[in-house]
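A.B. asks: Below are the sequence and a predicted model for it; my questions follow.
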Amino acid sequence: VLLLCDPWTSAFPLTGREVELARLWSLLDDVEVRSRPLTCLISGAAGMGKNLLLDAFRSRVKQHPVKVFVLLEVTCEPIRRDLPYAVLVEMIRLRAAVQETDNAAQAREKLWRMVTQAFARFGARKIGERETNEARQVADTIAATPAFDIDDPARTALSRTLSEEGRRALTEALATYFQRLAMCNPVLILVRNAQFLDQQSRTFFTDLGKIVSGAPILVVATASDFEQSSAPRASLARRAATSSEPLHADVHLTLGQLSDPALDQLVRELLSAPVNSKLLRWLRDNARGNPFLAAELIAVLAATKGMKFSHAEWRVDREHLPDVVPGSIESAVRQLIGTLPDTARTVLAGAVIIGRVFWLGALEALGLDEIKSSLELLVQRGFITRTATSRYQRQPEYRLSSSLRWRVAYDLLPPRKRRKYHRNIAAWMVERG
């Protein structure tokens with residue numbers, strides 16, 4: 001049941017969001033028919049399914065039997081929020097398949113190939129010497145951005161500024177690339193966690209209609225308020241930076257609470273079986289229309305034996321009902337973490353200190369007990385997943401399944417233990433280079 005009801009998987013039902021999904025599809029049609037850029041911001045409280053809606057829209061677009069779209073996507077990270085054009089550069093880096101191990105020549109060659117393909121409309125036309133030189137200039141301008149760090153990988157921590165001339169040149173280069181790209185097929189840009197957009201990328205997306213005219217480009221971004229941000233323990237400076245609107249969009253979609261019938265249907269789909277009316281009422285009263293909170297509460301009930309399958313339906317067991325705060329995801333996550341054995345909770349505490357992604361060796365550097373067995377249990381319970389690759393050689397890599405669980409688990413740690421763990425992890429990372 002815990003794995004079945006994991007609210008952070010791509011298979012989570014989209015029940016109750018069908019209207020918003022149809023709205024996104026109509027925006028894409030509008031962009032294509034009118035050949036104009038549009039930006040759409042999806043907002044709402046934590047757990048309302050913003051990124052889930054974005055994932056469902058992405059799947060529909062990729063699976064369309066006739067139409068072809070150029071898809072670019074990026075997830076904004078708080079650590080790079082002060083770096084000019086960081087989000088745009090990361091999106092371009094992914095599009096060009098530039099790897100961290102690529103040297104300067106390899107990275108520039110990949111960027112030039114990416115831009116040239118857009119100029120040539122992916123082989124549909126030949127380009128002459130003038131356009132080849134223009135493509136080379138666009139690629140070189142993008143590569144020169146400090147956020148790319150092609151010439152000096154250590155520059156990121158030191159260079160946080162870009163001259164006015166450099167900004168203007170980069171804006172023109174990006175506009176040229178997107179304009180050429182949109183001549184091939186309509187372009188769809190998906191931006192997750194736009195509350196962490198750097199100022200320059202935010203300005204570019206906001207002014208997209210002026211910068212790239214007559215191009216079928218749809219930008220769809222998701223954003224949460226600061227209070228529901230996924231980053232643990234942001235400072236007061238960060239609070240000020242994220243308090244303003246993340247993106248001035250042409251269209252706003254606000255995801256509100258699910259209706260009672262929609263939430264009931266979601267619960268039935270999650271449990272794949274009939275559900276007793278008393279259990280449905282308990283979930284409605286405590287989830288308050290929040291789909292992800294409903295799934296977390298089901299996981300809590302499964303872990304505490306607060307529900308049972310009897311007489312061909314799921315029923316509530318009042319003797320084991322957990323004490324949760326209605327409408328609070330944090331309360332539910334705390335309850336769920338509390339159901340873990342002590343050793344697993346300790347390993348989870350070490351993991352959240354390392355970050356959303358962590359490594360076995362880093363946990364061993366903290367001197368924790370029963371690490372491997374605890375990691376297996378955390379995988380089984382849906383708290384973490386094992387990644388296919390690892391940044392550090394011969395070091396198994398794991399990823400926390402939920403940024404909200406990450407934040408709650410981090411806040412449970414006493415400040416003194418946090419500082420100690422941070423020092424140990426930093427020493428381990430320095431030793432590994």
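C.D. replies: Nice, I can see it. Residues are numbered from 1 along each chain as shown.
A.B. asks: I'd assumed Arg113 was in contact with Arg136.
C.D. replies: No - Arg136 lies out of contact with Arg113 (C-beta atoms under 8 Å); the separation is 10.8 Å. From N, CA and C alone the C-beta is placed, and that goes for glycine too.
A.B. asks: What residues sit buried inside the helix or strand where Gln106 lies?
C.D. replies: Assigned by DSSP states H and E, Gln106 belongs to helix 104-119. Going by neighbour count (16 or more other C-beta atoms under 10 Å), the buried part of helix 104-119 is 107-108, 110-112, 114-119.
A.B. asks: now those in CSV, with pLDDT?
C.D. replies: Output for those, formatted as CSV (pLDDT from 0 to 100):
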residue, pLDDT
Ala107, 87
Arg108, 89
Lys110, 93
Leu111, 93
Trp112, 93
Met114, 94
Val115, 94
Thr116, 94
Gln117, 93
Ala118, 93
Phe119, 93
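A.B. asks: which stretches of the stretch 101-250 of the chain form helices?
C.D. replies: Ranges of helices within the stretch 101-250 of the chain are 104-119, 129-143, 164-184, 199-206, 208-211, 236-242, based on DSSP state H, counting those that start in this stretch.
A.B. asks: now do the stretch 251-400 of the chain
C.D. replies: Using DSSP H, counting those that start in this stretch, the helices found in the stretch 251-400 of the chain span residues 260-271, 277-287, 291-304, 329-338, 342-354, 360-364, 371-380.
A.B. asks: Relative to Leu41, which of the ones you listed is closest?
C.D. replies: Checking the helices of the stretch 251-400 of the chain against Leu41 by C-beta to C-beta gives helix 291-304 as the closest, at 19.6 Å.
A.B. asks: which residues are contacting the closest one?
C.D. replies: 1-2, 5-8, 12, 15-16, 46-49, 258, 263, 266-267, 270-271, 283, 286-287, 306-307, 316, 320-322, 324, 327-329, 332-333, 335-336, 339, 381-382, 404 (C-beta atoms under 8 Å, 6 or more residues apart in numbering).
A.B. asks: Arrange the helices of the stretch 101-250 of the chain in JSON lines, one row each, with distance to Thr387 as further columns.
C.D. replies: Output for the helices of the stretch 101-250 of the chain, formatted as JSON lines (distance: least, C-beta to C-beta, whole Å):
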{"stretch": "helix 104-119", "distance to Thr387": "23"}
{"stretch": "helix 129-143", "distance to Thr387": "28"}
{"stretch": "helix 164-184", "distance to Thr387": "30"}
{"stretch": "helix 199-206", "distance to Thr387": "27"}
{"stretch": "helix 208-211", "distance to Thr387": "34"}
{"stretch": "helix 236-242", "distance to Thr387": "27"}
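A.B. asks: Deepest-packed of those helices, please.
C.D. replies: Most buried of the helices of the stretch 101-250 of the chain, by mean neighbour count (mean count of other C-beta atoms under 10 Å): helix 199-206, with a mean of 21.
A.B. asks: quick check: mean pLDDT across that one?
C.D. replies: For helix 199-206, the mean per-residue pLDDT is 88.
A.B. asks: Which other helices and strands does that helix contact?
C.D. replies: When contacts are defined as 3 or more C-beta pairs under 8 Å, 6 or more residues apart in numbering; DSSP states H and E, helix 199-206 sits against helix 86-96, helix 164-184.
A.B. asks: Could I get those in CSV, plus columns for mean pLDDT and distance to Phe358?
C.D. replies: Shown next, in CSV, are the helices and strands packed on helix 199-206 (pLDDT from 0 to 100; distance: least, C-beta to C-beta, whole Å):
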stretch, mean pLDDT, distance to Phe358
helix 86-96, 90, 21
helix 164-184, 88, 34
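A.B. asks: And those helices: which comes nearest Leu363?
C.D. replies: The closest of those to Leu363 is helix 86-96. By C-beta to C-beta, the value is 27.7 Å.
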